[in-house]
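Participant: Got a predicted structure plus its sequence, pasted below:
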Amino acid sequence: MAEDGEADELRAMASHRGFRLVRSRRRTPGVGDYGRYGLADPATGKPLFGIADDGALTATAGEVADHLRGSVAAGWRESADATPDPPKRPAGKRPPDSRSLAVSKPAAALPAGERDRGDTRPSAPEPAPAPKRRRAARPEHPPKPAAPPPEPVLAIRHATRADAPAIAALLGMSSAAIERHIAAQARARAPLLVADRGGVAGCLGWHPIPLPDGAIGRLVTLVVAERSRRQGIGRALVESAIAAITARGCRAIEAMSDIEVRNVHGFFRATGFTQTSYRFALDIPSPRRKQSTA
């Protein structure tokens, strides 16, 4: 393997110098020209070094390398001998001054004594560039505060079982009682209405009353949370109830005057109701109450 590397190195040297390396084909030491090399013309194959008349190779690797290095040195000498010497400068003449080649102004503008020898005066220094004016830094404006989140949209919808705790808090009742009431009103096709604005903000209960001359709808419960009053929520609940009662085929709507709304009479007048009568009521004690008082 070392011989292959040696042969590759010699082959590269020969190729760079215009020769073709010839290597012995013998692979058994001591047989014929084993380990010998020669050089030939790459175009014609003519033996040039280390090749006998009978074609046997006679040069060692070192001899081929020395021959190739010697051919390079000889080539350098031949190149140096073939290069003519530069012409000798006549005595008394000085080479032109390189400063005279850089004329700062046309020859016609020079004084008569300077036209032949060039202008050797030093040129005036260029003026220094004017310093750039720095722009005043703009004051940084504080970032604008983030916009508040939009207010939830008011929606009037039918109450569900999940609304029972919030409605119970508005009416001061238990969640279980409200759940039963929501279910009963749904079966009667008079669903309890809630005002939803990111949570329950009010509720309205109604039921139809059949009469000989036609059914009427009665508003029996109307409550709006304290923090949400005077924002149109009560009016929106009443308008939704009017639409539901009208769709039920009722001929009129009446509202209980004891509904928990501040200035209830003025509120219902503002929504189109007219006061027609006074209301009388009588509480009927339940059997449980009688037993508790006995």
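Facilitator: Now that the structure is in, tell me what you want to look at. Numbering: from 1, shown residues only.

Participant: Output the lowest mean pLDDT helix or strand found in this structure.
Facilitator: Ranked by mean pLDDT, DSSP states H and E, the weakest helix or strand in the chain is helix 98-101, scoring a mean of 50.

Participant: Quick check: next helix or strand after it?
Facilitator: Next along the chain after helix 98-101, taking DSSP states H and E as the criterion, comes strand 155-158.

Participant: same for the following helix or strand past that following strand, what does it pack against?
Facilitator: Next along the chain after strand 155-158, taking DSSP H and E as the criterion, comes helix 164-171. Under the contact criterion of 3 or more Cβ pairs under 8 Å, 6 or more residues apart in numbering; DSSP states H and E, helix 164-171 touches helix 175-187, strand 200-209, strand 216-224. (Glycine included, C-beta is placed from N, CA and C.)

Participant: could you redo the last one with a cut-off of 10 Å?
Facilitator: Judged by 3 or more Cβ pairs under 10 Å, 6 or more residues apart in numbering; DSSP states H and E, helix 164-171 is in contact with helix 175-187, strand 193-196, strand 200-209, strand 216-224.

Participant: Output the first one in CSV, but only the C-alpha positions, please.
Facilitator: Right, the one you point to is helix 175-187. The C-alpha trace of helix 175-187 is given here as CSV (Å, rounded to 0.1, in the frame of the first residue of the first chain):
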residue,chain,number,x,y,z
SER,A,175,-83.0,27.4,45.0
ALA,A,176,-85.1,24.3,45.2
ALA,A,177,-88.4,26.3,45.2
ILE,A,178,-87.2,28.3,42.2
GLU,A,179,-86.3,25.1,40.3
ARG,A,180,-89.8,23.7,40.9
HIS,A,181,-91.3,27.1,39.8
ILE,A,182,-89.2,27.1,36.6
ALA,A,183,-90.3,23.6,35.7
ALA,A,184,-94.0,24.4,36.4
GLN,A,185,-94.0,27.5,34.3
ALA,A,186,-92.4,25.7,31.4
ARG,A,187,-95.2,23.0,31.6
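
Participant: buried stuff in that helix?
Facilitator: Across helix 175-187, burial judged by 16 or more other Cβ atoms under 10 Å covers Ile178, Glu179, His181, Ile182, Gln185.

Participant: nearest spatial neighbour of the fourth one, skipping sequence neighbours?
Facilitator: Computed as Cβ to Cβ, 6 or more residues apart in numbering, the closest residue to Ile182 that is not its neighbour in sequence is Ala159, at 5.1 Å.

Participant: next one: the second one
Facilitator: With sequence-adjacent residues excluded and distances taken as Cβ to Cβ, 6+ apart, Glu179 is closest to Ala164, at 4.6 Å.
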